[in-house]
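Visitor: one predicted model, sequence on top.
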Amino acid sequence: MRFILAIIVAAATIAAVQAADHNNPSQLQRNVGIGLGTLIFDGNDGLFSQVAAATTNATSGNQTFAITSGTLGAERPDSIVKNERVRDFLHDNMDMVARDIAAGGGEGVDVLAELLEVPEGERVYFARKLQANFSRIFPSAEVDHEMVLHNLAEVIEQA
């Protein structure tokens, strides 16, 4: 009996995953977030389904994995532009970062490398690359932190 129940649950899970529309979040996903429970109970926006989905999400501990891997209905951040810590740091310290990039190093570049998780052995190259592309990162004195972040992402992502 347990074997048959396991097969039914597995079939329902597979069907739910196949039927899930990840581009149009349901009421369920808006209320309980992403995760295995959201996929299993997708299309069922009732109270019981939402409680069951939230419980499954919480007990399976898969949301962190989903966010970093871009699975289970989560969108994986595709560049540093979506990194809030980098965005906040640039917003609060843009003048210091500009000075340090122009100089080829300093506290601003060090913190930026740390936030971007640049390996220790590549940080000198990272600082030189930013310095060589200073005019691309800071094309004018009126540039805002969002544009600097976008330009920084382009410089980092180029070969």
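Guide: Thanks, I have the structure now.
Visitor: drop to CA atoms for contacts and neighbour counts, all remaining ones
Guide: OK.
Visitor: next SSE after the worst-scoring helix or strand of the chain on mean pLDDT?
Guide: When the helices and strands of the chain are scored by mean pLDDT, DSSP states H and E, helix 63-69 comes last with a mean of 59. Proceeding N to C from helix 63-69, the next assigned helix or strand is helix 84-103, under DSSP states H and E.
Visitor: list the buried residues in that following helix.
Guide: Within helix 84-103, the residues that qualify as buried are 86, 87, 89, 90, 94, 97, 98, 99, 100, 101, 102, counting by 16 or more other Cα atoms under 10 Å.
Visitor: of all these, which two lie farthest apart?
Guide: For the buried residues of helix 84-103, the farthest-apart pair by Cα to Cα is 87 and 102; their separation is 19.4 Å.
Visitor: domain ranges for the chain, per the record?
Guide: 2-69, 80-157 (automatic domain parsing).
Visitor: with respect to those domains, which exhibits the lowest mean confidence?
Guide: Among the domains of the chain, domain 2-69 carries the lowest mean pLDDT, a mean of 66.
Visitor: quick one: the strands in this structure?
Guide: Taking DSSP state E, the chain contains no strands at all.
Visitor: so where do the helices sit in it?
Guide: 2-19, 27-32, 36-40, 47-60, 63-69, 84-103, 107-115, 123-132, 134-137, 145-157 (DSSP state H).
Visitor: need the winner for burial among the ones you listed.
Guide: Of all the helices of the chain, helix 36-40 carries the top mean neighbour count, a mean of 27, counting by mean count of other Cα atoms under 10 Å.
Visitor: distance check, the residue nearest to residue 93 when sequence neighbours are not counted against residue 134.
Guide: Excluding the flanking residues, the one nearest residue 93 by Cα to Cα, 6 or more residues apart in numbering is residue 108, at 7.5 Å. Counting by Cα to Cα, to the nearest Å, the gap from residue 108 to residue 134 is 14 Å.
Visitor: where do the contact lists of these two overlap?
Guide: residue 101 (Cα atoms under 8 Å, 6 or more residues apart in numbering).
Visitor: does the residue nearest to residue 93 touch residue 97 like I think?
Guide: Yes - the pair residue 108 and residue 97 qualifies as a contact (Cα atoms under 8 Å) at a distance of 4.6 Å.
Visitor: residues contacting residue 94?
Guide: residue 145.
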